[in-house]
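*Asks:* Generate coordinates for the sequence data below:
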Amino acid sequence: MSELAVLFDGVSKRFRRGSGHDTLASLLGASVRRLVDRGGRPAARDTFWALDDVDFHVRPGEALGIIGPNGAGKSTALKVLAGILRPERGRVRIRGRLTALIEVGAGFHGDLTGRENIYLNGAILGMTRREVTAKLDTIIDFSGVGAFIDTPVKRYSTGMQARLGFSIAAHVSPDILLVDEVLSVGDAVFRVRCLDRMSELVNSGLTLIFVSHNLEQVRRVCPRTVVLEAGQVAFSGPTERAIEKYVEVLMRDRNGRGGDMCGQLVDGAAATKSRVLGVRFLDREGGEGVSVRADEPVDIEIRYRLPRAIPRLVVEVNMRRDFAQNVISLNSLRDGVTFAAGEGEGWAVVRLPSLPLAGGQYFWNVRLWDADGGTIEVDTLFEYPLVVNDGGRATGMLALERTWVVDRATVRQESEHRRIPAAL
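*Replies:* Residues are numbered from 1 along each chain as shown. This next block holds a predicted model:
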């Protein structure tokens, strides 16, 4: 294992649930309650394992992605790597200078200017003043905050702090760079520059560990990815397969919560409300999946429950990219179709010959309308994920079929043929 840049071997980290104690009185009170109620022993329910026997490794010059739902243990793993947290079990080995960009503004002193904070962070990361000075202009230019570089950072926006923090971390020549979700706060142009910079650093031999919910960013930078679920490794391997596994984890988590909610709806007063019971993405043989190829057909099946009959039910599905970018809106009424829906459970299917989209993760929602009453019965969150595999044929936002013609004579012949009127 001596050739590894990072070794994360059987690492476990435990936290206590509940609020902390910021005064001596509250700490003493909590201690007395534990003695009275539990005989002085902390109950098992008071703790949870944020990481539970987690293994992964990274070789020098490799970019590793870490993805997973909220609470999976991603940020805890990075904080253990950075030395901010100490694990209960396991070992962590780091070879080389490590720089961590885990929280926006971490390591900044609010009363110091941006310029002063560059020198401060450089010193913390082991650079001499001369080394920082040699890279100062490059750091400022990349951050894009040059007009405010002599302003105290406490007056910076969150985005400006993220810009400066990433610029420092990416230019201090670390051997290993840890990057958490901080890129999500920058503008789109700066995020692209950050991704380009990370790719450039990896190509020059830097080791990168990158945590993000943006699967396109992970796909672009990291050939290999670890999926965490509830503090354990659910998958480790090629990024494309890791993304599929991640969507499976999201679906399992959502369906589990949805099933509990359905039971509450049936048994309680909320049973009087319309509800979407589930959404499935099916191939033409009826197989359910969490990913589809852009050039293959897919059926979207919506199951619902209604507290009353709706003679003309309208079903609408909408799709977004990364929870923000609207891509598709399909409304049955616009296509001249309504459903005679009775009380209780029902279903609707929309069939698509293909989804010619650029590869990545997309999120769907469902709306149910009463066409006669003009009311929205259900409007879900964008909580139904689907991964599209474009097979490397993306043409921007879409994955269009196309043909390149290299023989101009052939083009002229086809054009002349189209001009010839049909015989009478």
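
*Asks:* drop to CA atoms for contacts and neighbour counts, all remaining ones
*Replies:* Will do.

*Asks:* Might one say that L355 is in contact with P297?
*Replies:* Yes. Contact criterion CA atoms under 8 Å: L355 and P297 qualify, at 7.3 Å.

*Asks:* Between those two, which is the more surrounded one?
*Replies:* L355 (19 against 16; other CA atoms under 10 Å).

*Asks:* and the more buried one, helix, strand or coil?
*Replies:* Look at L355: counting by DSSP: H, G, I helix; E, B strand; the rest coil, its state is coil.

*Asks:* now swap in R402 and tell me
*Replies:* coil.

*Asks:* what's the distance between it and T395?
*Replies:* Going from R402 to T395 by CA to CA, to the nearest Å gives 10 Å.

*Asks:* Between those two, tell me which one has more neighbours.
*Replies:* Neighbour count, other CA under 10 Å: between R402 and T395, T395 has more, with 14 against 8.

*Asks:* pLDDT at the nearest residue to that one once chain neighbours are set aside, what is it?
*Replies:* Spatial nearest neighbour of T395, chain neighbours left out: A358 (7.0 Å); criterion: CA to CA, 6 or more residues apart in numbering. Looking at A358, its pLDDT reads 86.

*Asks:* Next, A358: phi, psi?
*Replies:* In terms of degrees, to the nearest 10, the main-chain angles of A358 are phi -60, psi 140.

*Asks:* quick one, phi psi at the nearest residue to G110 once chain neighbours are set aside?
*Replies:* Nearest non-adjacent residue to G110, counting by CA to CA, 6+ apart: K154, 4.3 Å away. Main-chain dihedrals, K154, degrees, to the nearest 10: phi -70, psi -20.

*Asks:* Which helix or strand contains Y362?
*Replies:* Taking DSSP states H and E as the criterion, Y362 maps to strand 360-370.

*Asks:* and that strand, what other elements does it pack with?
*Replies:* helix 215-221, strand 310-321, strand 375-379, strand 384-389 (3 or more CA pairs under 8 Å, 6 or more residues apart in numbering; DSSP states H and E).

*Asks:* which of those sits most buried?
*Replies:* Mean neighbour count (mean count of other CA atoms under 10 Å) peaks for strand 384-389 among these, with a mean of 23.

*Asks:* Walking through the protein, point out its helices one by one.
*Replies:* Using DSSP state H, the helices of the chain run over 24-38, 74-81, 114-124, 129-143, 158-171, 188-203, 215-221, 239-267, 408-419.

*Asks:* circling back: the residue nearest to G110 is in contact with N117, isn't it?
*Replies:* No. Contact status for K154 versus N117: not in contact, 11.2 Å apart, counting by CA under 8 Å.

*Asks:* How is the chain partitioned into domains?
*Replies:* What automatic domain parsing lists as the domains of the chain is 6-17+44-237, 273-389.

*Asks:* Kindly reformat the ones you listed as TSV containing distance to V249.
*Replies:* Supplementary listing: those in TSV, determined by distance: least, CA to CA, whole Å:
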stretch	distance to V249
domain 6-17+44-237	7
domain 273-389	10
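
*Asks:* Looking at those domains, spot the one closest to V247.
*Replies:* domain 273-389 (6.4 Å; CA to CA).

*Asks:* ok, G90 - how many residues close by?
*Replies:* When neighbours are counted by other CA under 10 Å, G90 registers 16.

*Asks:* OK, contacts around it?
*Replies:* By CA atoms under 8 Å, 6 or more residues apart in numbering, the residues touching G90 are F8, D9, G10, V11, S12, D53.

*Asks:* Now, those that are in strands?
*Replies:* Applying DSSP state E to the contacts of G90, the entries found in strands are F8, D9, G10, V11, S12, D53.

*Asks:* returning to that earlier point: okay, and the common contacts of K154 and N117?
*Replies:* Counting by CA under 8 Å, 6+ apart, the common neighbours of K154 and N117 are H109.

*Asks:* out of those two, which sits in the busier spot?
*Replies:* N117 (23 against 16).

*Asks:* Spatially, which residue comes closest to the more buried one, not counting chain neighbours?
*Replies:* F108 (6.0 Å).

*Asks:* What about that neighbour, how many residues nearby?
*Replies:* Close neighbours of F108, defined as other CA under 10 Å, add up to 21.

*Asks:* try R155
*Replies:* By other CA under 10 Å, the residues close to R155 number 13.

*Asks:* I'd say S329 and N318 touch.
*Replies:* Yes. Using CA under 8 Å, S329 is in contact with N318, at 4.3 Å.

*Asks:* okay but V179 is in contact with V211, surely?
*Replies:* Yes. Using CA under 8 Å, V179 is in contact with V211, at 6.2 Å.

*Asks:* coming back round to it: so can I have a markdown table of the ones in strands among the contacts of G90 showing distance to R59?
*Replies:* Output for those, formatted as a markdown table (distance: CA to CA, whole Å):
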| residue | distance to R59 |
| --- | --- |
| F8 | 12 |
| D9 | 14 |
| G10 | 18 |
| V11 | 18 |
| S12 | 22 |
| D53 | 20 |
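
*Asks:* Now for A309: which residues touch it?
*Replies:* Here A309 is in contact with A340, A341, G342, E343, G344 (criterion: CA under 8 Å, 6+ apart).

*Asks:* swap in V317?
*Replies:* S329, L330, N331, W364, N365, V366, R367.

*Asks:* what do you get for A394?
*Replies:* Listed by CA under 8 Å, 6+ apart, the contact set of A394 reads L357, A358, G359, L400.

*Asks:* of all these, which comes closest to R16?
*Replies:* Using CA to CA, the contacts of A394 come closest to R16 at G359, 40.1 Å.

*Asks:* Please identify which of the contacts of G90 is nearest to E200.
*Replies:* F8 (25.0 Å).

*Asks:* is that closest one in a bridge, and if so with what?
*Replies:* F56, V92 (DSSP bridges).

*Asks:* With that, I have no additional questions.
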